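**Student:** pasting the structure only:
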């Protein structure tokens, strides 16, 4: 098929090309990115917590939590399988006394290391040690300004989180993000919080609230479709102004409005690896989760374990290639409902987390998608 660089690309052409590119991409699916839950314990009891973390005032290491040497073994394992970046999270990972040593071991495996933290336990000395160990990126959770953040995470914790961001910024961590969980409760804080990150000289990430974990069933806190559309359009505007590194968000639906992006996706001659072809939801294609017990799961919000996936007993490479759940997620011919009919199913695929959490089916339709079928009659136009 000859690639058209001008005029309209029909739905049929777009689907044909992107399906072929997607099939090429999943043939080389690689576990590039890991979310590693170092502990299920946390010093806070946040309303939004998707991990359903265990609140603890005085911590004693759970019997089933990984020892330091076991973490090292797992890091060696995933590095051999091709993992290039790990996000250490929890629970609250800074509760672990061996966090600096864990970061250093990952870095020695040539892994890019990021840290997700609530920021409340962070001290300047710890930050300096993490920087020396090679920590490349940190994300501190800030869910709105003081009223909304402290409603979610507890009184006084907004100030602690902002202080942690400044400590990371000022003590040698190359990439510092404020990460906001956007909900119907804190929606009006979105743009002012983006502006605050510019004032602080740090970066911004938005993830969307989903009713799981501590907030299971609380659908009323979720965004409606119009809020979601407006938020993504706003974030895209800021991303164009400040760059993709400075402003990040879950942007799978907005592809329907990005004409230049759609034309690139429909170029049959371009490469199909992670860096050159967007598959949308990367769960099971390029990303996975490691639980606090050392088993492989699908993702940070879908802590559904893959069968026979203990990383202390099996190679990640085998788990990745043989896991039935991973195979299922990669097969977009099995998508159901609106997602299964959508012209963007090979470059978006809907959010599998959202589908599973709200419908109980990994391959079900994504209830959060705001793209209407009526907008899909003509896919994209060239310049």
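**Tutor:** Good, I have the coordinates. The model shown is predicted, which means the values in this text are computed figures rather than measured ones. Numbering: from 1, shown residues only.

**Student:** hey, what's residue 287 bridged with?
**Tutor:** Partner residues in beta bridges with residue 287, using DSSP bridges, are residue 33, residue 283.

**Student:** wait, isn't it in contact with residue 34?
**Tutor:** Yes. With contacts counted by CB atoms under 8 Å, residue 287 reaches residue 34, the gap being 7.2 Å. The C-beta positions use only the backbone N, C-alpha and C, and glycine is treated the same way.

**Student:** who's more crowded, the two?
**Tutor:** residue 34 (24 against 20; other CB atoms under 10 Å).

**Student:** quick one, phi/psi of the nearest residue to that one once chain neighbours are set aside?
**Tutor:** Excluding the flanking residues, the one nearest residue 34 by CB to CB, 6 or more residues apart in numbering is residue 86, at 4.7 Å. Reported as degrees, to the nearest 10, the phi and psi values for residue 86 are phi -130, psi 140.

**Student:** and if you look at residue 308?
**Tutor:** Taking degrees, to the nearest 10, you get phi 50, psi 60 for the backbone angles of residue 308.

**Student:** got a list of what it touches?
**Tutor:** When the contact criterion is CB atoms under 8 Å, 6 or more residues apart in numbering, the partners of residue 308 are 314, 319.

**Student:** Buried residues, whichever strand or helix holds residue 192. List them.
**Tutor:** Taking DSSP states H and E as the definition, one finds residue 192 inside helix 190-200. For helix 190-200, burial by neighbour count (16 or more other CB atoms under 10 Å) applies to 190, 193-194, 196-197.

**Student:** Looking at the residues you listed, which is nearest residue 145?
**Tutor:** Top of the list for closeness to residue 145, among the buried residues of helix 190-200 and by CB to CB, is residue 193 at 7.1 Å.

**Student:** Was I right to think that closest one contacts residue 145?
**Tutor:** Yes. The pair residue 193 / residue 145 is scored as a contact, 7.1 Å apart, by CB under 8 Å.

**Student:** Name the residues contacting each of these two.
**Tutor:** In the contact map built from CB under 8 Å, 6+ apart, no residue is linked to both residue 193 and residue 145.

**Student:** contacts for stretch 161-179?
**Tutor:** When contacts are taken as CB under 8 Å, 6+ apart, the neighbours of stretch 161-179 outside the stretch itself are 114, 116-120, 122-124, 127-128, 130-132, 135-142, 149, 153, 193, 196-197, 200-207, 245, 248.

**Student:** List the buried residues in it.
**Tutor:** Neighbour-count burial for stretch 161-179, counted by 16+ other CB under 10 Å, picks out 161-162, 164-169, 171, 173, 175-179.

**Student:** Identify the farthest-apart pair in those.
**Tutor:** 171 and 179 (18.8 Å).

**Student:** surely residue 64 meets residue 295?
**Tutor:** No. With contacts counted by CB under 8 Å, residue 64 stays clear of residue 295, the gap being 10.5 Å.

**Student:** which of these two has more neighbours?
**Tutor:** Comparing residue 64 with residue 295 by neighbour count (other CB under 10 Å), the higher total belongs to residue 295, at 21 against 10.

**Student:** beta partners for that one?
**Tutor:** According to DSSP bridges, beta-bridge pairing links residue 295 with residue 310.

**Student:** how close does residue 270 get to residue 349?
**Tutor:** Summarising the geometry, the distance separating residue 270 from residue 349, computed by CB to CB, to the nearest Å, is 19 Å.

**Student:** neighbour-wise, which of the two wins?
**Tutor:** More neighbours sit around residue 349 than around the other of residue 270 and residue 349, counting by other CB under 10 Å; the figures are 25 against 13.

**Student:** thought residue 344 was touching residue 255?
**Tutor:** Yes. At 6.0 Å, residue 344 and residue 255 qualify as touching, with contact defined as CB under 8 Å.

**Student:** How about residues contacting the helix or strand where residue 317 lies?
**Tutor:** Counting by DSSP H and E, the secondary-structure element that holds residue 317 is helix 316-322. Residues from elsewhere that reach helix 316-322 (CB under 8 Å, 6+ apart): 29-31, 77-78, 80-83, 288, 296, 306, 308-309, 311, 326.

**Student:** Top of those residues by number of neighbours, please.
**Tutor:** Going by other CB under 10 Å, residue 288 tops the contacts of helix 316-322 with 30 neighbours.

**Student:** Name the surrounding residues that touch stretch 233-240.
**Tutor:** Defining contact as CB under 8 Å, 6+ apart, one finds that stretch 233-240 is touched by 190-191, 194, 204, 206, 246-249, 251, 254, 257-258.

**Student:** what comes up buried for it?
**Tutor:** For stretch 233-240, burial by neighbour count (16+ other CB under 10 Å) applies to 234-236, 238-239.

**Student:** Closest one of these to residue 355?
**Tutor:** Proximity of these to residue 355, judged by CB to CB, is greatest for residue 235, which lies at 22.0 Å.

**Student:** got a pLDDT number for residue 256?
**Tutor:** Each residue has a pLDDT score; the one for residue 256 is 78.

**Student:** ok, now the one 5 residues further on?
**Tutor:** In this prediction, residue 261 carries a pLDDT score of 81.

**Student:** Need the phi and psi values for it.
**Tutor:** Residue torsions, per degrees, to the nearest 10, at residue 261 are phi -60, psi -40.

**Student:** Contacts only, for it.
**Tutor:** 255, 278.

**Student:** can you give me the strands in the chain?
**Tutor:** Listed in chain order, the strands found in the chain under DSSP state E are 8-9, 33-37, 41-42, 54-55, 85-89, 112-117, 137-141, 175-182, 203-208, 247-249, 287-290, 295-297, 305-310, 380-381.
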